[in-house]
Every structure is written in structure tokens, then in C-alpha cells.
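Asks: let's see this in three dimensions:
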Amino acid sequence: MNTGNPGSLHLISWPKSNRDPVDGRSTRNPYGSCLGRNSLSCAWQYGWDMASLDWSRRGVSGPANFMWWLDVEITNSWQQWLAANRADLEGMVTYLQDHRVRTGIYSTPDQWRLILGRLPNGSRLRGLPVWLAGAKTFRDARQNCHQPAFDGGVVVFTQWRAKAQRFDSDYPCLKQIP
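Replies: All right, here's what the predicted structure looks like:
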């Protein structure tokens, strides 16, 4: 699932209230009321809204039967306000977990740090399974299985791309995702 936080870009998709864009119900936003400003409450709501839209519009039969990976990369639009970026991803995770979806993070330690910084102890992002990208060789990818995850989670996949390869390759660290 693609992620980002366009906050101050004034996009039409930026929320103006705590209403789910699909079913119109009010959400329980831990940051309070979203009033359309670049705020923690609207960042969280934006994450919720994007997850709700992805859930309902992807055309996946039985979406709760699949693992959903949140793609956290600097190539997407992010704010320099790290707490707002965290709130955005927490909104996504809350929506997915409320629908009983197994959720993980795909990123690299450097990108994670630039976008989110350090997670507070109570963050819903802590402890999620990690698909760790960024290795240059198969050997490095295999060794990355034993690295601590950047969010307190467990590395379950690693990824590498050798210079001669056209596509990335993935290595499973565990037989079963926690």
C-alpha cells in the first residue's frame, strides 16, 4: 500500500472532518477533531481515509485474507513534521487493524528515520513485521534477517538488488509472519 503525507500541499483529498470517505461514519481519532488544517488530527485522518479508500476500491476479494504492507519511502510526499508523518501511518494501521488485517512495514532504516524519526512507546507502528529493503547482495539480504527492526518489530523479509538484476529479489527470514 503506497503511503505519504501531503499535509501542507492543499490536496482535495486532505480531510476536513473525522468522517470516513467511504461509509461517512465518524472515526475515533486519537488526536481530536480534524478541521482541515495541517494538524496531527488531520494527518491521522488522512491515513485512515487512504486506507479506507484502498480497502474499498482495490477490487480485492476478501482483503482481510491478505497481508498488507505499508510502503514507507522518501520518493512519496512527506512533511518535515515527523510527528504528523507518524500520525498519518498510525491512521492507516488503525483502519487496517480495526478490520483485522495483518499489517507490516516495507522500508529501509534510513528512510524510516528521515520520515518518522523515533517512535513513541505507545505508537501503533511499534512491533509490526518488517520487510527490510536496501541490501546490495544476497549475502547482505540474508544477514539483514538478523538485524533489529527499526520499529521494534521482527524482520520477516529482506530485499536486495544486484547491479546485474533488472528487478529486486526478496528473501524470507521466517517461515511464518507473526
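
Asks: which parts of the protein are helices?
Replies: 40-57, 82-98, 109-116, 138-144 (DSSP state H).

Asks: tell me which of those helices sits nearest to A162.
Replies: helix 138-144 (7.5 Å; CB to CB). Heads up, the C-betas are built off the backbone N, CA and C, glycines and all.

Asks: ok now that closest one, how far from the chain's centre?
Replies: 23 Å (CA atoms, centre = their mean, to the nearest Å).

Asks: picking up where we left off before, save the helices of the chain as CSV, and put in distance to F167 too.
Replies: Listed next are those as CSV, based on distance: least, CB to CB, whole Å:
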stretch, distance to F167
helix 40-57, 24
helix 82-98, 26
helix 109-116, 20
helix 138-144, 14
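
Asks: need these in CSV (columns: mean pLDDT).
Replies: Putting the helices of the chain into CSV (pLDDT from 0 to 100) gives the following:
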stretch, mean pLDDT
helix 40-57, 93
helix 82-98, 96
helix 109-116, 94
helix 138-144, 93
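
Asks: low-confidence stretches in this protein?
Replies: 175-178 (pLDDT under 70).

Asks: show me where it has its strands.
Replies: 68-71, 103-107, 130-135, 155-160, 169-172 (DSSP state E).

Asks: closest one to A87 among those?
Replies: Go through the strands of the chain one by one with CB to CB and the one that ends up closest to A87 is strand 68-71, at 13.7 Å.

Asks: what about S56, how many residues nearby?
Replies: Neighbour count of S56, defined by other CB atoms under 10 Å: 14.

Asks: which residues touch it?
Replies: Neighbouring residues of S56 by CB atoms under 8 Å, 6 or more residues apart in numbering: V22.

Asks: and it, how far from L82?
Replies: From S56 across to L82, the span is 29 Å (CB to CB, to the nearest Å).
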